[in-house]
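*Asks:* here is the input, now give the coordinates:
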Amino acid sequence: MIATLVGLQQRVLAQLGRLTMYRLTLYALIALAVVAVVESALGWIGVTPLDVVASLALLLVATFCTDAVAQALLRVPRRIESSLITALILLFVVQPGANPDQIGGIALAGVVASASKYVLVWRGRHLLNPAAVGATVLTLTTLGFSAWWVGTPALALPVVLLGLLVLWRTERVAVVLLFVAVYAAVSTARLSVQSAAAGIAVDPAGLLTTVLLQSPVLFLGAFMLTEPLTLPARRGQQLLVAAVVGVLAGWPLSLGVITLGQERALLVGNLLAAVLVARSGIRLSLVRRRALTPTVHELTFRTRRRFRFAPGQYLELQVPHRRPDARGTRREFSIVSAPAELPFVRIAYREAEPGSTFKRALGVVQADDVLTATGVWGDFVLPARDVPVLLLAAGIGVTPFVSQLGAGDRTDCVLVLVASSAQECAYLDELAASGARIVVVTPDRPEALPAGAEWAGGGRLDAALLRELVPDLARRHAYVSGPPRLLADLAPTLRGARRVTTDAFAGY
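*Replies:* The predicted structure is shown next:
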């Protein structure tokens, strides 16, 4: 059953991977806005369709205009998705309305939220969630308030379904589940204490239902807490931030003129994340490009300043270009180089026909052109050197293993490299030099295998062949990097490993 679920998860991920996280988030928010308009017309929620539509239009104008001015002054590329996402998130946070006395406050929230993306930044990183900043300023000025009207039972199911798509794509389900659990526990305890003090009988099940279905916790977790530019890099750090925000949002503290409610709790979590992330916002200057295989190309950059990363982590590279397709202008790349190679940083990418607009733009980057990486993330990090490991890579999925094996010898390591042909075995010489056992699975035999590498024959890698190649799988910690379909096909066999860690990428 577990293997079946893992396989299903990876196949869904492969479909979601056709969109970037930003584009998927945008589509999910648009769908939620449409649902909200329909439900408001049916009288299921306490706002009118005119209020929703008018507020969204006003927020779109405010965010678009503010972003356009800031981008022109700072000479940075237009990011239309960012404007749309900010406006849509604010729509569900502020009190919507079409009255003249409400218009100014709503517009102010949009302007402040967009402006914060250029003012409250540090080395390319947002210090605070833009929508939370806009909602907080709106409340402080008393021109409006953050109603969080999305926290209603009628919208709970759409929020959960659409939020899960985004979280599944970004692999942050565990982070949000912890946040929701902490929030629910703390908020239920708070309501129980308050009810007991007032002499009101407490129904724990009813309280929990109220906490989950009549609060913004689901929306806050799925669409705001997980914003990449305000999250720390490692999973443990993200869980810590989620727990802190859950506690503060579940039991709001009074700060005199204002309470530490949902958006302020998120801002505190953002500040904690900024402390945990020592450095972010990396500027990279292209030094060299080379073809590794007929379809795989490597880019070597020089970083303007040193930064820390663990072998196996990835950076998010931004390549602005005109008329980007559905996958946008940002893409995640495993770092190929080892930390010892700094200030040089290597990444690799595979060309595909007809190819995305991002890859075409990346393909024409010239020497000395400067690109920006928003930061370094990931927990695809190997255990202690003496732990036996199986590294299973498909195609371009080999890149994190190049960094890991280049960082130092492993005492007991088997790398199984799957490629569509012998010509597509990237980094084979570099990997073999690490001393690990290298097994190549290709339909045709490589002409010259380096010492330490062996050909598994012309068969396709399936469960039977994997058991034959790695008979001691049960004692190994398996690391899998490649398309989700690889993990889906091998999930039953990989269950026999000591432990399985995946770095599956989708739609690349």
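*Asks:* please make it C-alpha for all contacts and neighbour counts, starting now.
*Replies:* OK.
*Asks:* got the domain boundaries for the protein?
*Replies:* 2-276, 282-377, 389-502 (automatic domain parsing).
*Asks:* tell me where this protein has strands.
*Replies:* Remark: strands of the chain, listed N- to C-terminal, are 121-122, 125-126, 282-291, 296-303, 314-318, 330-334, 344-350, 370-377, 389-394, 413-418, 437-441, 453-455, 477-481, 499-502; assignment by DSSP state E.
*Asks:* and the angle from the third one to strand 296-303?
*Replies:* Angular relation of strand 282-291 and strand 296-303 on a 0 to 180 degree scale: 150 degrees, by axes from the mean of the first three to the mean of the last three C-alpha atoms, to 10 degrees.
*Asks:* adjust the sequence numbering to begin at 25 for everything that follows.
*Replies:* Shifting the count to begin at 25 puts that one at strand 306-315.
*Asks:* buried ones in strand 306-315?
*Replies:* For strand 306-315, burial by neighbour count (16 or more other C-alpha atoms under 10 Å) applies to 306-311, 313.
*Asks:* go ahead and confirm T466 touches G483.
*Replies:* Yes. When contacts are counted by C-alpha atoms under 8 Å, T466 is listed as touching G483 (7.3 Å).
*Asks:* find the residues that touch each one of these two.
*Replies:* Here T466 and G483 share no contacting residue, scored by C-alpha atoms under 8 Å, 6 or more residues apart in numbering.
*Asks:* more neighbours: which of these two?
*Replies:* Set side by side, T466 and G483 show unequal neighbour counts under other C-alpha atoms under 10 Å, the larger going to T466 at 23 against 11.
*Asks:* dump the residue contacts of that one.
*Replies:* Contact partners of T466, counting by C-alpha under 8 Å, 6+ apart, are 442-446, 479-484.
*Asks:* one more: R500?
*Replies:* The neighbourhood of R500, defined by C-alpha under 8 Å, 6+ apart, consists of 411-414, 521-523.
*Asks:* and for G175?
*Replies:* Each residue near G175 by C-alpha under 8 Å, 6+ apart is listed here: 237-243.
*Asks:* and what of V360?
*Replies:* Going by C-alpha under 8 Å, 6+ apart, V360 touches 369-372, 423-427.
*Asks:* could you redo the residues you listed as JSON lines and give each row pLDDT and neighbour count?
*Replies:* As requested, those are arranged in JSON lines below (pLDDT from 0 to 100; neighbours: other C-alpha atoms under 10 Å):
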{"residue": "V369", "pLDDT": "95", "neighbour count": "21"}
{"residue": "R370", "pLDDT": "96", "neighbour count": "23"}
{"residue": "I371", "pLDDT": "95", "neighbour count": "21"}
{"residue": "A372", "pLDDT": "94", "neighbour count": "23"}
{"residue": "T423", "pLDDT": "94", "neighbour count": "26"}
{"residue": "P424", "pLDDT": "94", "neighbour count": "27"}
{"residue": "F425", "pLDDT": "95", "neighbour count": "29"}
{"residue": "V426", "pLDDT": "94", "neighbour count": "24"}
{"residue": "S427", "pLDDT": "94", "neighbour count": "24"}
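*Asks:* out of those, which comes closest to V143?
*Replies:* V369 (28.7 Å; C-alpha to C-alpha).
*Asks:* ok, the spatially closest residue to that closest one that is not a sequence neighbour to I371 distance?
*Replies:* Nearest residue to V369 in three dimensions, chain neighbours excluded: F325, at 5.1 Å (C-alpha to C-alpha, 6 or more residues apart in numbering). When C-alpha to C-alpha, to the nearest Å is the yardstick, F325 and I371 sit 8 Å from each other.
*Asks:* how about A208?
*Replies:* A208 is 42 Å from I371, where distance means C-alpha to C-alpha.
*Asks:* for E105, give me the pLDDT.
*Replies:* At E105, the pLDDT value in this model is 85.
*Asks:* go on, C437?
*Replies:* At C437, the pLDDT recorded in the model is 93.
*Asks:* how about the contacts made by it?
*Replies:* Taking C-alpha under 8 Å, 6+ apart as the definition of contact, the neighbours of C437 are 412-415, 460-461.
*Asks:* which residue ranges of the stretch 175-324 of the chain form helices?
*Replies:* Counting by DSSP state H, counting those that start in this stretch, one finds helices in the stretch 175-324 of the chain at the ranges 177-194, 197-221, 228-237, 241-244, 259-274, 286-300.
*Asks:* which of these has the lowest mean pLDDT?
*Replies:* Comparing those by mean pLDDT, the weakest confidence falls on helix 228-237, with a mean of 77.
*Asks:* next, the angle helix 177-194 makes with it.
*Replies:* Going by the same axes, to 10 degrees, helix 228-237 makes 70 degrees with helix 177-194.
*Asks:* list the contacts of helix 228-237.
*Replies:* Contacts made with helix 228-237 from outside it, assessed by C-alpha under 8 Å, 6+ apart, are listed as 175-177, 180, 208, 211-212, 215-216, 242.
*Asks:* rerun at 10 Å
*Replies:* For helix 228-237, the surrounding residues in contact (C-alpha atoms under 10 Å, 6 or more residues apart in numbering) are 174-181, 204-205, 207-213, 215-216, 238-239, 241-242, 274.
*Asks:* from these, list the buried ones, please.
*Replies:* With neighbours counted using 16+ other C-alpha under 10 Å, the contacts of helix 228-237 contain these buried positions: 174-180, 204-205, 207-213, 215-216, 238-239, 241-242, 274.
*Asks:* on that earlier part again, most neighbours among the contacts of C437, which one?
*Replies:* In terms of neighbours by other C-alpha under 10 Å, these top out with V413 at 26 neighbours.
*Asks:* the bottom helix or strand of the chain by mean pLDDT?
*Replies:* For the chain, scoring each helix and strand by mean pLDDT, DSSP states H and E identifies helix 26-40 as the least confident one, at a mean of 56.
*Asks:* still on that earlier bit, among the buried residues of strand 306-315, which one sits closest to P508?
*Replies:* Proximity of the buried residues of strand 306-315 to P508, judged by C-alpha to C-alpha, is greatest for R313, which lies at 27.8 Å.
*Asks:* distance of that closest one from E356?
*Replies:* Look at R313 and E356: by C-alpha to C-alpha, they are 18 Å apart.
*Asks:* and L473, by the same measure?
*Replies:* 30 Å.
*Asks:* and for L439?
*Replies:* Note on L439: its distance to E356, by C-alpha to C-alpha, is 23 Å.
*Asks:* comparing these two, which shows the higher neighbour count?
*Replies:* Of the pair L439 and E356, L439 is the one with more neighbours under other C-alpha under 10 Å, namely 25 against 18.
*Asks:* correct me, but L202 touches A266?
*Replies:* Yes. Counting by C-alpha atoms under 10 Å, L202 does reach A266; the two are 6.7 Å apart.
*Asks:* what is the burial count for the residue nearest to V199 when sequence neighbours are not counted?
*Replies:* Setting aside the residues directly before and after it, V199 is nearest to L263 in space (C-alpha to C-alpha, 6+ apart), at 5.4 Å. Here the count is done by other C-alpha under 10 Å, and L263 has 20 residues near it.
*Asks:* list the contacts of L263.
*Replies:* 196, 198-203, 255-256, 269.
*Asks:* what sits against V61?
*Replies:* Each residue near V61 by C-alpha under 10 Å, 6+ apart is listed here: 67, 69, 71-77.
*Asks:* from L50, how far out is it?
*Replies:* With C-alpha to C-alpha as the criterion, V61 and L50 are 17 Å apart.
*Asks:* over to L215?
*Replies:* Between L215 and L50 the distance, using C-alpha to C-alpha, works out to 34 Å.
*Asks:* OK, contacts around Q342?
*Replies:* Taking C-alpha under 10 Å, 6+ apart as the criterion, Q342 is in contact with 352-356, 382, 386, 395-398.
*Asks:* bridged to it, which residues?
*Replies:* With DSSP bridges applied, the residues forming beta bridges to Q342 are R354, T396.
*Asks:* all good on my end, thank you.
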